[in-house]
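Peer 1: could you work out the structure for the sequence below:
(one chain, ligands or ions: 1)
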Amino acid sequence: MSSSLLVTNAALYLDRGLEISDGWIHLEHGRVKAYGPMNLAPPEADRILSAEGRLVTPGMVNSHHHMYQNLTRSYAPVVNGTLFECLKGLYPLWATLDEDAVYLSSYVAMTELLLGGCTTSMDHHYVHPRARLIDAQIRAARDIGFRFLATRGSMTRSVKDGGLPPDSVVQSEDVILEDSERLISLYHDPSPGALTRVALAPCSLFSVSETIMKESALMAERHEVRLHTHLAEDPDEDVYCKEVYGCTPTEYFERSGWASARSWVAHYIYPSGDEIDRLARKGVCAAQCPCSNMMIGGGAANALDLRRRGMKVGLGCDGSASTDHASLWLEARMALLLGRFQNGPHSMTARDALDMATRGGAACLGWEDEIGHLRIGACADLVIWQLPPLSRAGALSDPVEALLRCAPATAWYTIVAGRILVSEGQPCQSDLDRVLGEHERAARRMQKLS
Ligand SMILES: [Zn+2]
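Peer 2: Next up is the predicted model:
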């Protein structure tokens, strides 16, 4: 591993409003040390990488995902159902999850994310048929060198309490709270440049008890960790909250002590304008999942409206019960298409989508001081993009628009904390083939295929 790296001859998108058309960026000790135009002599470095006119951006930040679901990617028996039909069909399969399966699915998801330009991801793991599954995810992230925010997901309501999942994947309040404390004390690293952090993430308002919602918010406050959940994803959630709590999902969220700058929510499709304004004022962020919303077909969040009202919005690829890839490039492109489709031709540019995929995601994860941009002192997390020569032919006037408008782009290089994890379009892990073989065997077992 080089302690300093110089990327030259690149178009640099360093942050919103900070671009250099032909420049260099110098990384040292896991941080951005300097940048400048090519006509300003760059410093010496242990390694020099010529990016040959390619675009460099900050690494994208994935703000919503369920990695274990890639074990049942595109699962034919349920794939064309509603969200609830899919989940009901898949929970019995997911009930067989064990530590190995979670390690393998996390390893595959993180590698796929790196190839799609993502350098930091959260994961919302809320299915716990066995103990210590999040420990296995953290092991996978550390083996790869990926920056990871693990979230301790939870469910307390199974079929017998009117919920969707079987009894074997939900847990008691005591077990959830005890394990949350354990994970925070063991793995949460608040120090600058950390590679592992932990947040608390009850699955949704209708899958956990009121006690878990309230206690999670209090625990997050005590330990200064982030809070995450699904919110206002489905109209059925409105009906449920009215019946059980006598209020809307957002009102219940506020009542449970969640309306604070510590929280970010996934989806947020069905709030009223006034509710968005209230949460925006409190500093709550939202993760939009454009592909998931469109694949499920039940409505999509209007990220531009959320942003106009002052809410910071990140992008997430969501799990494979609703979308079957882990490419933040694809989510950024879809956010651009969806935003323009919903709001008109003058509403949104590629830079807005890129800002959501980088700064927006970092805001969701409470990490905007260090990631989601490449200002001096930021973490050295960046992507050098590759567009196939055929699909970038003629795209000469604006590399940022070209990135999201032309044919699919993947990472040529992905760098996390100054370490090269994707090189010339290939993941650097030497054991990836073995992991993929074991992942296939685990997926076959789960799907009961020979
Ligand atoms: Zn989700």
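
Peer 1: which parts of the stretch 251-400 of the chain are strands?
Peer 2: 263-267, 285-288, 313-315, 382-386 (DSSP state E, counting those that start in this stretch).

Peer 1: out of these, the one nearest P166 is which?
Peer 2: strand 263-267 (22.8 Å; C-beta to C-beta). For glycine as for every other residue, the C-beta is placed from the backbone atoms N, C-alpha and C.

Peer 1: each with direction, which strands does that closest one pair with?
Peer 2: strand 227-231 (parallel), strand 285-288 (parallel) (DSSP bridges).

Peer 1: for the longest one, list the C-alpha coordinates in CSV.
Peer 2: If I follow you right, that is strand 227-231. In CSV, the C-alpha atoms belonging to strand 227-231 read as follows (Å, rounded to 0.1, in the frame of the first residue of the first chain):
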residue,chain,number,x,y,z
LEU,A,227,-31.0,6.5,14.0
HIS,A,228,-32.6,4.9,10.9
THR,A,229,-35.9,3.4,9.9
HIS,A,230,-38.3,3.0,6.9
LEU,A,231,-40.9,5.8,7.0
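
Peer 1: any idea which helix or strand comes after that strand?
Peer 2: Using DSSP states H and E, the helix or strand that follows strand 227-231 towards the C-terminus is helix 235-245.

Peer 1: list the buried residues for that next one?
Peer 2: E237, D238, Y240, C241, Y245 (16 or more other C-beta atoms under 10 Å).

Peer 1: report the contact partners of the third one.
Peer 2: Residues touching Y240, when contacts are defined by C-beta atoms under 8 Å, 6 or more residues apart in numbering, comprise L205, F206.

Peer 1: separation between the spatially closest residue to V225 that is not a sequence neighbour and R444?
Peer 2: Of all residues not flanking V225 in the chain, A199 sits nearest, at 5.2 Å (C-beta to C-beta, 6 or more residues apart in numbering). Distance, A199 to R444, using C-beta to C-beta, to the nearest Å: 32 Å.

Peer 1: and the two? Which one has more around it.
Peer 2: Counting neighbours by other C-beta atoms under 10 Å for A199 and for R444 shows that A199 has the greater number, 27 against 12.

Peer 1: doesn't the more buried one belong to a strand?
Peer 2: Yes - read with DSSP: H, G, I helix; E, B strand; the rest coil, A199 is one of the residues of a strand.

Peer 1: so what's it bridging to?
Peer 2: Beta-bridge pairing for A199 (DSSP bridges): T151.

Peer 1: could you do T120 as well?
Peer 2: So, taking DSSP bridges as the rule, T120 has V61, R147 as bridge partners.

Peer 1: need the contact list for it.
Peer 2: The contact partners of T120, taken as C-beta under 8 Å, 6+ apart, are 59, 61-62, 146-149, 361-362, 365, 367, 371, 381, 416.

Peer 1: got it, and Q137?
Peer 2: M67, V102, Y103, S106, D123, H125, F148, A150.

Peer 1: ok, now how distant is the fourth one from I138?
Peer 2: I take that to be S106. Taking C-beta to C-beta, one finds S106 at 9 Å from I138.

Peer 1: more neighbours: those two, which one.
Peer 2: Neighbours were counted for S106 and for I138 using other C-beta under 10 Å; S106 has more, 30 against 20.

Peer 1: quick one: contacts for the more buried one?
Peer 2: Per C-beta under 8 Å, 6+ apart, neighbours of S106: M67, Y68, D123, A136, Q137, A140, A141.

Peer 1: from those, which land in strands?
Peer 2: Judged by DSSP state E, strands contain the following of these: D123.

Peer 1: what's the farthest-apart pair in the contacts of S106?
Peer 2: Between all members of the contacts of S106, the farthest pair (by C-beta to C-beta) comes out as Y68 and A141, at 13.9 Å.

Peer 1: ok, the two, which is more surrounded?
Peer 2: Between Y68 and A141, counted using other C-beta under 10 Å, the more crowded position is Y68 (26 against 22).

Peer 1: so the closest residue to that one other than its chain neighbours: helix, strand or coil?
Peer 2: Excluding the flanking residues, the one nearest Y68 by C-beta to C-beta, 6+ apart is S105, at 4.7 Å. Three-state assignment for S105 (three-state DSSP): helix.

Peer 1: please renumber so the chain begins at 16
Peer 2: Okay, residue one is now 16; in that scheme the one you just asked about reads as S120.

Peer 1: wait, doesn't S120 sit right on H454?
Peer 2: Yes - using C-beta atoms under 8 Å, S120 is in contact with H454, at 6.8 Å.

Peer 1: now do the shared contacts for the two.
Peer 2: Residues touching both S120 and H454 (C-beta under 8 Å, 6+ apart) are N85, L86.

Peer 1: the two: which has the busier surroundings?
Peer 2: Taking other C-beta under 10 Å, S120 and H454 do not tie; S120 has more neighbours (29 against 20).

Peer 1: quick one: residues contacting that one.
Peer 2: Neighbouring residues of S120 by C-beta under 8 Å, 6+ apart: M82, Y83, Q84, N85, L86, H454, A457.

Peer 1: okay, the first one and L102: tell me how far apart.
Peer 2: Plainly put, M82 is 16 Å away from L102 if you go by C-beta to C-beta.

Peer 1: between the two, which one's more packed in?
Peer 2: Between M82 and L102, counting by other C-beta under 10 Å, M82 is the more crowded of the two (28 against 16).

Peer 1: my read: the more buried one touches T126, true?
Peer 2: No - between M82 and T126 there is no contact under C-beta under 8 Å: 10.8 Å.

Peer 1: got the domain ranges for the chain?
Peer 2: Domain ranges of the chain: 19-73+396-442, 75-379, per automatic domain parsing.
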